[in-house]
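Engineer: Got a sequence here, can you model it:
(2 chains)
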Protein chains: 2
Amino acid sequence: MRDFSNDHAWLSINTATVRRQWALDRIIDECARRGIRAISPWRDQVAATGLERVARQLREHGIGLSGYCRGGFYPAPDAAGLRAALDDNRRAIDEAKTLGAPCLVLVVGSLPGALDGRAHYTDLARARGEVRDGIAASLEHARAAGMPLAIEPLHPMQAAERACINTLEQALDVCDELDPARSGALGVALDAYHVWWDPKLQQQIARAGRERLLAFHVCDWLTPTRDLLNDRGMMGDGVIELKKLRGWVEDAGYAGFSEVEIFSEQDWWQRPGEEVLDTCIARHRSVV
Amino acid sequence: MRDFSNDHAWLSINTATVRRQWALDRIIDECARRGIRAISPWRDQVAATGLERVARQLREHGIGLSGYCRGGFYPAPDAAGLRAALDDNRRAIDEAKTLGAPCLVLVVGSLPGALDGRAHYTDLARARGEVRDGIAASLEHARAAGMPLAIEPLHPMQAAERACINTLEQALDVCDELDPARSGALGVALDAYHVWWDPKLQQQIARAGRERLLAFHVCDWLTPTRDLLNDRGMMGDGVIELKKLRGWVEDAGYAGFSEVEIFSEQDWWQRPGEEVLDTCIARHRSVV
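Structural biologist: Numbers count the residues shown, from 1 in each chain, chains lettered A, B, ... in the order given. Modelled structure (predicted):
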């Protein structure tokens, strides 16, 4: 297992972590100033600053990506919606390519409309079928573009609204079906927050192996957790055994970035961005 | 699959559903008035009214139990705590026996202290080991008393504070280890709210079979869900495919009560108890 205690060479910042404080260009400058070597930006942040401008700024600073957030959201109430999702994923793949991302993270979607409190249907098996078909379709363009797709299993508390792939085992079953050769074109983004509770986690991480482990995200699970989406904790402030988990991931062959992704309405989004980034660096060294 | 549309012979009311409105004796009277044949009471409610008095009242009304809530909470920071948990579970088994319950529901516990925001340890594997050992110890007394234990897998969003058994598969693995003969002494309480998202649900329900399926709980998953504990929905108001789920459970041989358990701080606990029970009856007939 790599020693993170002396530097933060393998720290990446998911830019949602300071999205309330700064626009993306400022986030990149602040990361560069601290010697942070990688970020994972969101599409809306990139669009707000401008894709080409972001790509240039990253090159100038020598900052890479640990992933691009995000594709997915495949299920739809009708054929037109399904086609629109595929078109949007195609664009996301192209943007990821322009930015030099190592993978496009997929939050696959679930019951269409549920995010707005009005599910068009509740057939979860149908949503899962539409997700499988959507990933299969995106995979063709992704292979052509040389952009790996990383399925992110989301915590079951997000199963209605955001992702109907909810365990690592389930994500790997889709990978095995659609990419049996383990070509590297399809894998998973493993976020500690979503999977820490899973009794089969260690076993499934070993199953995933180096070819499937495309990204590793960290934050912490707070007790109590006051909100299903935006109450993530800073590493070390909750109950996730982050070092143990990183050990499993590295035993499986993962040697990439440890990406900090914290959505925190009441705490970290309220603090100065400088404090957030400095804390991420300190905790990356001490508890990740 | 049984037809529930014409009566509510298989409806049970978990008494937490109207706990803010009424004490247990009143709940029992109101259920009797409506021809509800079964309840599942909580230990604190029973203690407040008096165990013998509750047992007598149930007999007088001819009301049975679909379960008794609850045993469990095994993990502890030290040996004294572990012993205290076993003693408490022994008392719960005896109370369940006095009340004529068909099973004692186990919310197994997880990281000790996490419920108060101060986990004594974060080693989830340790908690799971303590749970396994605790159930094994309780099982001896339970067998002697003739009181089946029903492990309730809790939603992964409760994995830190309330239960480190979070999938049906995991619960059944414990059952198979501790009761390989499928004697009927150990099984599961399947709550739709906790398990609806599980991609292996249908498969694992079939695996459970009649001997392991000791209780079936229903409510609904709301979008959005505003609280991790107390924002459960009335059946039909959310996205859970209740009829499909009951079909799977009945295909596996379950023929018992459908128990309504709704914790609802902002909605159903604020309404008159009469309205809540009448709605439970109506929805039991129309959507369960």
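
Engineer: For the strand or helix carrying A:Glu130, which outside residues touch it?
Structural biologist: When secondary structure is defined by DSSP states H and E, A:Glu130 falls within helix A:124-145. Contacts of helix A:124-145 from elsewhere in the structure, counted by Cβ atoms under 8 Å, 6 or more residues apart in numbering or on different chains, are A:71-72, A:74-76, A:82, A:85-86, A:89-90, A:93-94, A:97, A:104, A:106, A:108-112, A:121, A:148-149, A:151, A:159, A:164-165, A:174, A:177-179, A:183, A:185-186, B:196-197, B:199, B:241. All C-beta atoms are positioned from the backbone trio N, CA, C, and that covers glycine.

Engineer: That one: which residues count as buried?
Structural biologist: A:124, A:127-128, A:130-132, A:134-135, A:137-139, A:141-143 (16 or more other Cβ atoms under 10 Å in any protein chain shown).

Engineer: Using CSV, lay out those together with distance to B:Ser264.
Structural biologist: Shown next, in CSV, are these (distance: Cβ to Cβ, whole Å):
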residue, distance to B:Ser264
A:Leu124, 23
A:Ala127, 26
A:Arg128, 29
A:Glu130, 31
A:Val131, 31
A:Arg132, 35
A:Gly134, 35
A:Ile135, 36
A:Ala137, 41
A:Ser138, 39
A:Leu139, 42
A:His141, 45
A:Ala142, 43
A:Arg143, 48
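
Engineer: Go through those and say which is closest to B:Trp269.
Structural biologist: Within those, distances to B:Trp269 taken as Cβ to Cβ reach their minimum at A:Leu124, with 28.1 Å.

Engineer: Show me what from chain A comes close to chain B.
Structural biologist: Chain A has residues A:111, A:114-115, A:117, A:119, A:122-124, A:128, A:155-157, A:159-161, A:164-167, A:170, A:196-199, A:221, A:223-225, A:228, A:238-241 near chain B, with proximity defined as Cβ under 8 Å from any Cβ of the partner chain.

Engineer: if you set the cut-off to 6 Å instead, what comes out?
Structural biologist: Taking Cβ under 6 Å from any Cβ of the partner chain as the measure of proximity, chain A contacts chain B at A:111, A:114, A:117, A:119, A:122, A:156-157, A:159-161, A:166, A:170, A:197, A:199, A:223, A:225, A:228, A:239, A:241.

Engineer: Can you select the buried ones from these in ChimeraX?
Structural biologist: ChimeraX command restricting the residues of chain A next to chain B to the buried ones, with burial defined by 16+ other Cβ under 10 Å:
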select /A:111,114,119,122,156,157,159,160,161,166,170,197,199,223,225,228,239,241
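
Engineer: coming back round to it: in ChimeraX, how would I select the buried members of the contacts of helix A:124-145?
Structural biologist: Applied in ChimeraX, the following selects the buried portion of the contacts of helix A:124-145 according to 16+ other Cβ under 10 Å:
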select /A:71,72,74,75,76,82,85,86,89,90,93,104,106,108,109,110,111,112,148,149,151,159,164,165,174,178,179,185,186 /B:196,197,199,241
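
Engineer: Let's see which of the contacts of helix A:124-145 end up in strands.
Structural biologist: Within the contacts of helix A:124-145, membership in strands is found for A:71-72, A:104, A:106, A:149, A:151, A:186, as judged by DSSP state E.

Engineer: Can you pick out the most distant pair from those?
Structural biologist: Comparing the members of the ones in strands among the contacts of helix A:124-145, the greatest separation, given Cβ to Cβ, is between A:Gly72 and A:Leu186, at 13.0 Å.
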